[in-house]
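S.K.: Fold the stuff below for me.
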Amino acid sequence: FVDCRQQNGYILSGEGEETFESHFSYKSFQFVRVLADEGVSIVKIEAVPVHTALESVGSFECSNEMVNALQKASRLSLMSNCMSIPTDCPHREKGGWTCDAYLTDRAMMYNFDAAAFYTNWLHDLTDIQDEDGSLNNVAPSSDYDHGVSTTWPAAVVYVPSDLYDFYGDRRVVEENLEPMKKFAHSSLKRQVEGKPGIINDVLGDWVAPYMDLDADHTDRLKTYMAPPEGLVFYGTASHYNVVKNIGRLAGILSDDKTAGEYASWSEEIAETLNAEFLDPGKEEYHGNIPTPDFREAPNAISVEYGFAPDSLRSTIKEKVMGRLRDDDFRIGTGFLGTRSLMRIFPEEYPEEMFKVATQTQYPGWGYMIKHGATSIWEDWAGGASLNHMPFTLISEYFYRYLAGILVSRTEEGLPKVTVKPQVVGDLTWVKG
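M.R.: Predicted coordinates:
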């Protein structure tokens, strides 16, 4: 559905059988067309997978073939987007989009040994940090989208946090703590005029779907490239989560002063955020732009990040699930909201979230497979990139909830693996 031309041309010497292999670019494709002049015979066409040499350390399979197809497609998209850096897609931009990296780093770590891979990429990210702490949305970068977001470059906090949880690597936390702190303060440069602590941002819950396609399914651009509720909620929520997580990581390093300061700061941000975006009458979150309908993403995020008041968490979770039930478990979120849904809600709603994970109607992961996908799409309708990282986060759900493998650390920093598989849907066995 995307007119993204990937083409090599080769001029024959005319001296017998010749072999051409592209050494200076790589492509991503499901089908190949080879055109040759009259009289030229094509003897053989061979595709060679190319990606960073990551060791496979995890595997997942189960009795549900749709889940197996999604796991295979996720691994293919993860691998083909490892080209010395984590990229968004291997055929179009091939850029180190920061949000794409942190949305999927846990899925990557369940499947591959990615410790050195992400540690190296963090150098690319922090190398482009300004003195005021601002970062780019893409790393490495030639200054594209510099200093415009908290939500995307929050990878500077989230990726070290996940590296610590999976590998116990304190060093990567130590190396990046100061860049994290500078980044947190840089968000204040984007405060909405007249609203201290409320943070402007870009992109937001990227590619949140319209809930209906046209009748013949020919209009595939049925996606909000920026969500209708606006972007300011996401900037402010990310600011809260960045500051909160810096406090946690400082505590791991026994930097009690920083840990206390950032814990207090995150509480202040939560108060500001809830005053601006929480409707106490409806008991739900909204964006800076009014919408007629309840929006799943802001409310799911409020639960995952932890700024929803304890007294409302159950109500908010039920509202999110109520919307999913009303939509026959068709997902209504983009990049950010989907991560929050699949990380938190399966714990309390295992059967229903399995229905979300395997939904074959639009919008849903199963819809991709039903329509011939062998890699994971950028958006739910297949209107943009057909090989993109973010929604490969579904693989994390397979390991974390279906196989029940939770990787974490004790307070002393020792590895802790909890195994608690979920027997849901039509599953008769799971192996991970």
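S.K.: Can you tell me the closest non-neighbouring residue to Arg295?
M.R.: In space, and not counting its chain neighbours, Arg295 is closest to Glu229: 5.0 Å by CB to CB, 6 or more residues apart in numbering. Quick note: C-beta positions are derived from backbone N, CA and C, even for glycine.
S.K.: wait, isn't Arg409 in contact with Phe166?
M.R.: No - if you go by CB atoms under 8 Å, Arg409 and Phe166 don't touch, sitting 9.0 Å apart.
S.K.: Neighbour count: the two, which is higher?
M.R.: Phe166 (21 against 15; other CB atoms under 10 Å).
S.K.: Tell me which other helices or strands the helix or strand harbouring that one touches.
M.R.: Assigned by DSSP states H and E, Phe166 belongs to helix 155-167. For helix 155-167, the packing partners by 3 or more CB pairs under 8 Å, 6 or more residues apart in numbering; DSSP states H and E come out as helix 98-111, helix 115-126, helix 170-186, helix 232-252, strand 405-409.
S.K.: Most tightly packed of the ones you listed?
M.R.: Compared across the helices and strands packed on helix 155-167, helix 98-111 shows the largest average neighbour count, a mean of 26 (mean count of other CB atoms under 10 Å).
S.K.: the helices in the stretch 301-432 of the chain, which residues?
M.R.: Using DSSP state H, counting those that start in this stretch, the helices of the stretch 301-432 of the chain run over 313-326, 335-348, 350-357, 365-370, 394-397.
S.K.: contact partners of the second one?
M.R.: Which is helix 335-348. 99-100, 103, 151, 204-208, 234, 296-298, 300-301, 303-305, 317, 320-321, 331, 333, 353-354, 356-357, 390-391, 393-394, 396-397, 400-401, 422 (CB atoms under 8 Å, 6 or more residues apart in numbering).
S.K.: Read off the pLDDT value for the residue nearest in space to the middle of the chain.
M.R.: Taking CA atoms, centre = their mean, the centroid of the chain lies closest to Leu103, which sits 2.4 Å from it. Looking at Leu103, its pLDDT reads 98.
S.K.: Distance check, it against Ala373.
M.R.: Distance, Leu103 to Ala373, using CB to CB, to the nearest Å: 18 Å.
S.K.: and if you look at Trp152?
M.R.: With CB to CB as the criterion, Trp152 and Ala373 are 25 Å apart.
S.K.: between the two, which one's more packed in?
M.R.: Trp152 (26 against 20).
S.K.: Surely the more buried one is in contact with Ala101?
M.R.: No - the criterion here is CB under 8 Å, and Trp152 misses it with Ala101 at 9.5 Å.
S.K.: List the residues that contact Glu304.
M.R.: Residues in contact with Glu304 (CB under 8 Å, 6+ apart) are 339-340, 343-344.
S.K.: Just the buried positions in stretch 88-96, please.
M.R.: Neighbour-count burial for stretch 88-96, counted by 16 or more other CB atoms under 10 Å, picks out 88-92, 95-96.
S.K.: just to revisit the earlier point, of the helices and strands packed on helix 155-167, which approaches Gly364 most closely?
M.R.: helix 98-111 (17.6 Å; CB to CB).
S.K.: got the angle for that closest one vs helix 115-126?
M.R.: 170 degrees (axes from the mean of the first three to the mean of the last three CA atoms, to 10 degrees).
S.K.: Output the contacting helices and strands for helix 98-111.
M.R.: Short answer (3+ CB pairs under 8 Å, 6+ apart): helix 98-111 packs on helix 65-80, helix 115-126, helix 155-167, helix 335-348, helix 394-397, strand 405-409.
S.K.: Now with 7 Å, please.
M.R.: Helix 98-111 makes packing contacts with helix 65-80, helix 115-126, helix 155-167, helix 335-348, helix 394-397 when contacts are defined by 3 or more CB pairs under 7 Å, 6 or more residues apart in numbering; DSSP states H and E.
S.K.: Tabulate the CA atom coordinates of that helix in CSV.
M.R.: Coordinates of the C-alpha atoms in helix 98-111 are reproduced here as CSV (Å, rounded to 0.1, in the frame of the first residue of the first chain):
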residue,chain,number,x,y,z
THR,A,98,13.9,6.5,19.8
CYS,A,99,10.3,5.6,20.7
ASP,A,100,10.3,2.6,18.4
ALA,A,101,13.4,1.4,20.3
TYR,A,102,12.0,1.5,23.8
LEU,A,103,8.6,0.2,22.9
THR,A,104,10.2,-3.0,21.7
ASP,A,105,13.4,-3.4,23.7
ARG,A,106,11.9,-6.0,26.1
ALA,A,107,10.5,-8.0,23.2
MET,A,108,14.0,-7.9,21.7
MET,A,109,15.6,-9.0,25.0
TYR,A,110,13.2,-11.9,25.4
ASN,A,111,14.2,-13.1,21.9
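S.K.: what does that helix rub up against?
M.R.: 56, 58, 74-75, 78, 86, 88, 114, 118, 121, 125, 137-139, 151-155, 158-159, 162, 166, 335, 339, 389-390, 392-393, 395-396, 399 (CB atoms under 7 Å, 6 or more residues apart in numbering).
S.K.: How about Val56: which residues does it bridge to?
M.R.: That one is not Val; residue 56 is Ser. Phe112 (DSSP bridges).
S.K.: In this structure it contacts Phe112, no?
M.R.: Yes - the pair Ser56 / Phe112 is scored as a contact, 5.8 Å apart, by CB atoms under 7 Å.
S.K.: re the thing from before, let's have the helices and strands packed on helix 155-167 in JSON lines, adding distance to Val34.
M.R.: Formatted as JSON lines, the helices and strands packed on helix 155-167 follow (distance: least, CB to CB, whole Å):
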{"stretch": "helix 98-111", "distance to Val34": "31"}
{"stretch": "helix 115-126", "distance to Val34": "33"}
{"stretch": "helix 170-186", "distance to Val34": "45"}
{"stretch": "helix 232-252", "distance to Val34": "44"}
{"stretch": "strand 405-409", "distance to Val34": "43"}
